[in-house]
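Colleague: Can you look at this prediction? I've put the sequence above it.
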Amino acid sequence: MLKFNPLTHTYTVDGVVDPGPNDVLNCVGVRSKCSECHGEGTIDSVSCSDCKGTGYTSYNSLAGGEFARDKTASRFGNEFHKIAKYTLQCKNFTYDKTFEPWVRGLNKFLIKFGITPISIEEPLFHPIYKYCGTPDLFGYYYTKNPHDKIYVVVDWKTSVAAMKHWKIVMAAYAELIKFNLQIKKKIHRLSVMIMPETYKVIEHKDAGDFNEFLSILNVYKRYRK
């Protein structure tokens, strides 16, 4: 049985901890050339205080660990997710009025797309690949053709800049939904950046994104003991 602890954001299946997509990406990192040593001019990595003579930065997680360490941004994002969830569930609730501009941005998106929810923040587990995840929203809408049902998985974003790893996380979510809900049609993957009074939709279309996630997941499982 799948259990999710929202305080620690930990998934357990029959007592065994299994990772979510961001857990996987947070444990795999990349190094960049040190900007102090490899910018214009003379390379002097030995005396560089940033890279300690290696010529490279420390490892940065694929999931953007620096943003995750920003507690203010994290709290803001968590509070907004509650607002989005309760709005979709048509619940009566109160929230800090400083969120009003973002709520108006959210409502503009919901009115424009007219998504009918199928699941809202439902934890899911993939028994084959052994990972979990909680998509913010899965649902559908219709185009001008009333018989043309478009399935979408949506991830709410309140950051000011898009991040490369979003597409990988969304591919993992889409596969979770396909397996658990037995969806045969294409699921469109939307990272929706909610901003004051407006929104921006980023659709991830690369068919290779899930294979990229599996490659990273295999590295995680191999070395993360």
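Modeller: In hand now; what should we look at?
Colleague: Quickly list the domain ranges of this structure.
Modeller: 2-30+70-223, 32-62 (automatic domain parsing).
Colleague: In the protein, where is pLDDT below threshold?
Modeller: Within the chain, the segments meeting pLDDT under 70 span 31-59, 64-70, 225.
Colleague: Repeat the analysis, applying 90 as the threshold.
Modeller: Applying pLDDT under 90 to the chain flags the ranges 1, 6-9, 26-75, 143-148, 160-161, 164, 219-225.
Colleague: Show me where it has its helices.
Modeller: 21-26, 35-38, 65-68, 71-88, 100-113, 166-181, 209-223 (DSSP state H).
Colleague: Save those as a markdown table, and put in distance to Lys3 and mean neighbour count too.
Modeller: Yep, even glycine has a C-beta here, placed from its N, CA and C like the rest. A markdown table is the format used below for those (distance: least, C-beta to C-beta, whole Å; neighbours: other C-beta atoms under 10 Å):
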| stretch | distance to Lys3 | mean neighbour count |
| --- | --- | --- |
| helix 21-26 | 15 | 21 |
| helix 35-38 | 43 | 16 |
| helix 65-68 | 23 | 12 |
| helix 71-88 | 19 | 15 |
| helix 100-113 | 29 | 16 |
| helix 166-181 | 16 | 22 |
| helix 209-223 | 20 | 15 |
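Colleague: how about those helices in JSON lines, adding distance to Ile194?
Modeller: Formatted as JSON lines, the helices of the chain follow (distance: least, C-beta to C-beta, whole Å):
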{"stretch": "helix 21-26", "distance to Ile194": "19"}
{"stretch": "helix 35-38", "distance to Ile194": "31"}
{"stretch": "helix 65-68", "distance to Ile194": "16"}
{"stretch": "helix 71-88", "distance to Ile194": "7"}
{"stretch": "helix 100-113", "distance to Ile194": "5"}
{"stretch": "helix 166-181", "distance to Ile194": "14"}
{"stretch": "helix 209-223", "distance to Ile194": "22"}
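Colleague: Which of these sits closest to Glu203?
Modeller: Judged by C-beta to C-beta, the one of those that comes nearest to Glu203 is helix 166-181, at 9.3 Å.
Colleague: just how off-centre is stretch 216-225 within its chain?
Modeller: 19 Å (C-alpha atoms, centre = their mean, to the nearest Å).
Colleague: Identify the residues contacting it?
Modeller: 19, 24-25, 27-28, 62, 129-131, 168 (C-beta atoms under 8 Å, 6 or more residues apart in numbering).
Colleague: In this model Pro135 seems to touch Tyr173, though I could be wrong.
Modeller: Yes. Assessed by C-beta atoms under 8 Å, Tyr173 is found in contact with Pro135 at 4.3 Å.
Colleague: got any residues that touch both of the two?
Modeller: Joint contacts of Tyr173 and Pro135 (C-beta under 8 Å, 6+ apart) are 153, 155.
Colleague: ok, now which ones touch Leu7?
Modeller: Contacts for Leu7 (C-beta under 8 Å, 6+ apart) come out as none.
Colleague: Spit out the contact partners of Pro101.
Modeller: Contact partners of Pro101, counting by C-beta under 8 Å, 6+ apart, are 196-197.
Colleague: how about Thr94, phi and psi?
Modeller: Main-chain dihedrals, Thr94, degrees, to the nearest 10: phi -120, psi 160.
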